[in-house]
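A.B. asks: no sequence for this one, just the structure:
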DNA sequence: GATATTTAATTCACATGTTAAATAATTTCA
DNA sequence: TGAAATTATTTAACATGTGAATTAAATATC
């Protein structure tokens, strides 16, 4: 999404990394698989993205004590800072797109998307 | 699109390469830039894809005599064969998706897509 | 309790997306 | 005409998509 990319340009993160931060900020620490699903990313993609984001200091990685296969991921202060700084603007952009499409068509669009791929459906 | 990828699996080509073949079959030989636009591909992507497809013997490459900067691209018999073998099935898949979404919603969807990105709008 | 199976992640290999920089041929114009 | 600007394409560098193979930990089962 061009306007989102534009918004993120100065932060140096991608749209996918932005989604990862949003999910972590919303749901708290979670396993790789849960995070991948919530951020609409394939597992192998998330693995790579997590490595990049860890190197950037945006997330922390640790192993679940009860099940050491599980990779637990959490947001750092630096990661949260990006969310805090850009959340408002992101909402604006979504509102703009929604308005440009029109309320009615937007509803239909969400409906179609949910129908084509139920797993990606938003809670809204 | 999963069902299209499934259809193409045995041919060894990707969805993007399928789009390139379809455009070449429909419009005939054309320049890289025209082809990229019609196939909804970024120019650098098309350059790489064309190299791959040329190596596979699916397209031919030549320079425009009037303007040697222009890369002209045409489909080969092997490329056309893939189109001939899969065109019917592709139409079926599109029809299935259309039916699954529903005529009305499908119309709205095309409308939204055209509105969000006029350049990608289909002639239909 | 040791082996087989399953599960969670990771790694690989190849393909495309994306932006910026570099080339090369053509056109403009002083 | 010859340097400057423009245009068409290519190349480069990095990121994600995708499907298959691999690894490591946990669970099942005999």
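C.D. replies: Nice, I can see it. Computed from a predicted structure; not experimentally measured.

A.B. asks: once you drop chain neighbours, what's closest to the residue of chain A found nearest chain B?
C.D. replies: Proximity to chain B, evaluated over chain A using CB to the nearest CB, is greatest for residue A:108 at 4.6 Å. Every residue, glycine included, has its C-beta placed from N, CA and C. Leaving aside its sequence neighbours, residue A:108 sits nearest to residue B:108 (CB to CB, 6 or more residues apart in numbering or on different chains; 4.6 Å).

A.B. asks: how distant is the helix or strand containing the residue of chain A closest to chain B from the center of its chain?
C.D. replies: In the assignment (DSSP states H and E), residue A:108 maps to helix A:103-116. With CA atoms, centre = their mean, to the nearest Å as the basis, the distance from the averaged C-alpha position of helix A:103-116 to the chain average is 20 Å.

A.B. asks: please apply the same query to stretch A:90-99.
C.D. replies: Centre to centre, stretch against its chain (CA atoms, centre = their mean), the figure for stretch A:90-99 is 16 Å.

A.B. asks: so for that stretch, what's the average pLDDT?
C.D. replies: Averaging pLDDT along stretch A:90-99 yields 95.

A.B. asks: isn't residue A:31 up against residue A:72?
C.D. replies: Yes - assessed by CB atoms under 8 Å, residue A:31 is found in contact with residue A:72 at 6.0 Å.

A.B. asks: which residues are common contacts for the two?
C.D. replies: Between them, residue A:31 and residue A:72 have residue A:64 as joint contacts when contacts are counted by CB atoms under 8 Å, 6 or more residues apart in numbering or on different chains.

A.B. asks: where does chain A have low pLDDT?
C.D. replies: Flagging of chain A using pLDDT under 70 yields the residue ranges A:118-124.

A.B. asks: mind doing that once more with 50?
C.D. replies: In the prediction, chain A carries residues with pLDDT under 50 at positions A:123-124.

A.B. asks: what about the strands in it?
C.D. replies: A:30-31, A:59-63, A:71-75 (DSSP state E).

A.B. asks: of the ones you listed, which is nearest residue A:83?
C.D. replies: strand A:71-75 (7.7 Å; CB to CB).

A.B. asks: quick one: that closest one to strand A:59-63, angle?
C.D. replies: Using axes from the mean of the first three to the mean of the last three CA atoms, to 10 degrees, the direction of strand A:71-75 lies 150 degrees away from that of strand A:59-63.

A.B. asks: does strand A:71-75 come close to DNA strand C?
C.D. replies: Yes - among the residues of strand A:71-75, residue A:71 lie within reach of DNA strand C under CB under 7 Å from any atom of the strand.

A.B. asks: elements contacting that strand?
C.D. replies: For strand A:71-75, the elements it packs on are helix A:15-27, strand A:30-31, helix A:32-38, strand A:59-63, judged by 3 or more CB pairs under 8 Å, 6 or more residues apart in numbering or on different chains; DSSP states H and E.

A.B. asks: redo the ones you listed as JSON lines? Include mean neighbour count.
C.D. replies: Below are those laid out as JSON lines (neighbours: other CB atoms under 10 Å in any protein chain shown):
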{"stretch": "helix A:15-27", "mean neighbour count": "19"}
{"stretch": "strand A:30-31", "mean neighbour count": "16"}
{"stretch": "helix A:32-38", "mean neighbour count": "18"}
{"stretch": "strand A:59-63", "mean neighbour count": "15"}
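
A.B. asks: nearest to residue B:83, of the ones you listed?
C.D. replies: Among those, helix A:15-27 sits nearest to residue B:83 (CB to CB), with 33.9 Å.
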